[in-house]
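the following comprises the amino acid sequence and a computationally predicted model.
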Amino acid sequence: MQAAINAARGLLPSGLPNNPTYRKVNPADAPIMIVALTSDTMTRGQIYDAASTVLAQKLSQIEGVGQVNVGGSSLPAVRVELNPAALNKYGISTAQVRTTIQATNANRPKGALEDDASHWQIGANDQAKVAAEYMPLIIAYRDNAAVRLRDVAEVVDSVQDLRNDGSADGKPGVMLILNKQPGANIIETIQRVKDARVDS
C-alpha cells in the first residue's frame, strides 16, 4: 500500500499540506504506548521534525504496530508577524510582502549547459530556512533606500502551529503515540518497540 502511495505522489497536486497516508488500526482502540521525547539541546520543532521523519517511520514498521501519531508540537517554521503601522508608513501591501517571500523560496533550475550529446540542468537550493535569512529581504524601495522585511515585520524561528503543545516531566516534549494492528498481541508489540534500535 505504501509503495502505491509513493508511486502516485508525482500525480498529486503540489499544494497538498500532507502526503496521503493509510491506517492499519481500529480507530476505537486506545493507544498501547506513548513515547515522550525531550531534549536539552534541540528545540521542540527540531524534535518534532526528527520524530515525524525518522522515528515514526521506523516504529510503524515494527511488527504489531499499526500506526504512529506524532503530537506535542509541529514542524519548524519561520513566522513573519507584520507590523501594520510600518506597512502603512512605507505604503507596502501585504501582497507585496507575500510575493517577496514566495520568490525567495522558489526552488527551480538556474539554467543549463549543453553540448552536441548532452544537456545538464544547473540547480541550486537557495531557499531561506531560518529567520536570519528572511530578515534582509528587500520588499520595496522608498526614497532611494531599501525597505527590508525586518523593517516591517518581526521575523522569528518558530513552529507551524503554536497551539500544539506537549510536556513530559515538566519539560517541553514531543509524543509518539502508538496504536496496535488489529489482532496483534499488545505485550509482545510493546516489547518489540522497547527492543528496537532506531538509527537515523
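Okay, I see it. Numbers count the residues shown, from 1 in each chain.

can we go C-alpha only for contacts and neighbour counts from here?
Fine.

which residue of this structure sits farthest from its center?
For the chain, the largest distance from the centre (CA atoms, centre = their mean) belongs to residue 116, which lies 41.9 Å off.

what helix or strand does that residue sit in?
Counting by DSSP states H and E, no helix or strand carries residue 116.

put the alpha carbons of the strand or helix carrying residue 193 into CSV.
Per DSSP H and E: residue 193 is located in helix 186-195. Output in CSV follows, covering the C-alpha atoms of helix 186-195 (Å, rounded to 0.1, in the frame of the first residue of the first chain):
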residue,chain,number,x,y,z
ILE,A,186,-0.1,-5.8,23.0
ILE,A,187,2.6,-7.1,25.3
GLU,A,188,4.7,-8.6,22.5
THR,A,189,4.4,-5.5,20.4
ILE,A,190,5.4,-3.2,23.3
GLN,A,191,8.5,-5.5,23.9
ARG,A,192,9.4,-5.3,20.2
VAL,A,193,9.2,-1.5,20.4
LYS,A,194,11.4,-1.4,23.5
ASP,A,195,13.9,-3.7,21.8
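
how far off centre is it?
When distances are taken as CA atoms, centre = their mean, to the nearest Å, helix 186-195 is centred 29 Å away from the chain's centroid.

surely residue 176 forms part of a strand?
Yes: the assignment for residue 176 (DSSP: H, G, I helix; E, B strand; the rest coil) places it in a strand.

that one contacts residue 71, correct?
Yes: Residue 176 is in contact with residue 71 according to CA atoms under 8 Å; the separation is 6.6 Å.

separation between the residue nearest the centre of the chain and residue 102?
In the chain, the C-alpha nearest the mean C-alpha coordinate belongs to residue 75, at 3.7 Å (CA atoms, centre = their mean). Distance, residue 75 to residue 102, by CA to CA, to the nearest Å: 19 Å.

burial check on residue 58, number of neighbours?
Residues contacting residue 58 under the criterion other CA atoms under 10 Å number 18.

hang on, it in a helix?
Yes: under three-state DSSP, residue 58 falls within a helix.

now it: how far from residue 64?
13 Å.

out of residue 176 and residue 71, which sits in the more crowded spot?
residue 176 (23 against 18).
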